[in-house]
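Participant: Sequence plus the predicted model coming up.
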Amino acid sequence: VFRKEVEVMAVIYATLIVKGKKTIAQVPDTIREQVKQILIDLEVPELAEKLME
């Protein structure tokens, strides 16, 4: 169950980043790598590198 919740949260954060509501710096450390991978898979790797708040 916990793994599924982590996957869902990573997708939610990636969606918020794409929409401009969050940055990668605002993602919890525990799921940041998963969110970066989702952004790369969505062909927006530049959003995975921005560190501004």
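Facilitator: Perfect, I can see it now.

Participant: Is there a neighbour count for residue 8? I'd like the number.
Facilitator: By other CB atoms under 10 Å, 10 other residues sit near residue 8. Bear in mind the C-beta positions are built from the backbone N, C-alpha and C, glycine included.

Participant: An error on my part: the question was meant for residue 46.
Facilitator: 9.

Participant: What distance do you get for it to residue 5?
Facilitator: 28 Å (CB to CB, to the nearest Å).

Participant: Now do the helices in the protein.
Facilitator: Under the criterion DSSP state H, the chain contains helices at 2-18, 32-41, 46-49.

Participant: can you pull the buried residues of the last one?
Facilitator: Within helix 46-49, the residues scored as buried using 16 or more other CB atoms under 10 Å are 47-48.

Participant: picking that back up, which of the helices of the chain has the lowest mean pLDDT?
Facilitator: Lowest mean pLDDT within those: helix 46-49, at a mean of 90.

Participant: packing partners for that one?
Facilitator: helix 32-41 (3 or more CB pairs under 8 Å, 6 or more residues apart in numbering; DSSP states H and E).

Participant: ok and the helix it packs on relative to helix 2-18, angle-wise?
Facilitator: 50 degrees (axes from the mean of the first three to the mean of the last three CA atoms, to 10 degrees).
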